[in-house]
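Q: predicted structure and sequence below. I'll ask about it afterward.
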Amino acid sequence: MNIQPILETGEIKLCPLLATDFEPLYAVASDPAIWLQHPNKDRWRKDVFSSFFEGALQSKGAFKIVDKLSGDVLGSSRFYDLNEQDSSIFIGYTFYAVEYWGKGINHAVKTLMLNYAFQFVSKVYFHIGATNIPSQISIGRLGAVKVGEQEVTYFAELPKLNFVYEISRTNWKGS
């Protein structure tokens, strides 16, 4: 499975993240409101975001999400922790510019990523911050169910409690 393909719909495009994407992505990520619900609330700071961005590049599964009509950078997401024995992968590290919240972007991005992933794996997992209620609700709307809790150590950050959600290929409706 290529964990960094180009994925797109008529409206959005997920492009493999490049080092040259730092400034346009940081222009989005520098809004503190984005990170209020996330486990790591200070990612709006350039030094902290720089470490987050470096981890995204090193993952070789991260995307810059672009509005195809306007060319605006909307945010980022990634595939990570592909486990061929378990036939599973994670989707996460997702964030969007505040002005795109509630407009169906997250649903469209996750649907695109899930449809792609289920060509190769039978389960997709998500780490959702234990206090990130909006993301827990959003992932539940896609059909994910909570299957556990786990301390997650993000690249160059302290461990944080996350809930683990799962969607199986057999339960995915491809909506």
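A: That came through, no problem.
Q: could you use CA atoms for every contact and neighbour count after this?
A: Will do.
Q: ok, and what's touching the helix or strand containing Asp47?
A: Following DSSP states H and E, one finds Asp47 within helix 46-59. Residues from elsewhere that reach helix 46-59 (C-alpha atoms under 8 Å, 6 or more residues apart in numbering): 17-19, 22, 26, 29-30, 42-43, 62, 78, 80, 155-156.
Q: and it, how far out from the chain's middle?
A: In terms of C-alpha atoms, centre = their mean, to the nearest Å, the centre of helix 46-59 is found 14 Å from the chain centre.
Q: and that helix, what's buried?
A: Lys46, Phe49, Ser50, Ser51, Phe52, Phe53, Ala56, Leu57, Ser59 (16 or more other C-alpha atoms under 10 Å).
Q: check what pLDDT the fourth one gets.
A: Among the per-residue scores, Ser51 holds a pLDDT of 93.
Q: so how far is Leu17 from it?
A: Separation of Ser51 from Leu17 (C-alpha to C-alpha, to the nearest Å): 14 Å.
Q: swap in Gly10?
A: The gap separating Gly10 from Leu17 is 20 Å, by C-alpha to C-alpha.
Q: angles on the backbone of the residue nearest to Thr170 when sequence neighbours are not counted, please.
A: Nearest residue to Thr170, sequence neighbours excluded (C-alpha to C-alpha, 6 or more residues apart in numbering): Ser122, at 7.7 Å. When read as degrees, to the nearest 10, the backbone of Ser122 gives phi -100, psi -10.
Q: now for Asp67: which residues touch it?
A: Counting by C-alpha under 8 Å, 6+ apart, Asp67 makes contact with Glu11, Ile12, Lys13, Val73, Leu74.
Q: contact partners for Ile65?
A: Ile12, Lys13, Leu14, Cys15, Val73, Leu74, Gly75, Ser76, Ser77.
Q: among those residues, which ones are in strands?
A: Taking DSSP state E as the definition of strands, the contacts of Ile65 contribute Ile12, Lys13, Leu14, Cys15, Val73, Leu74, Gly75, Ser76, Ser77.
Q: can you select the buried ones from those residues in PyMOL?
A: Buried members of these, defined by 16+ other C-alpha under 10 Å, are picked up in PyMOL with:
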select buried, resi 12+13+14+15+73+74+75+76+77
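Q: now, the most widely separated pair of the ones in strands among the contacts of Ile65?
A: Greatest spatial distance among these (C-alpha to C-alpha): Ile12 and Ser77, at 12.8 Å.
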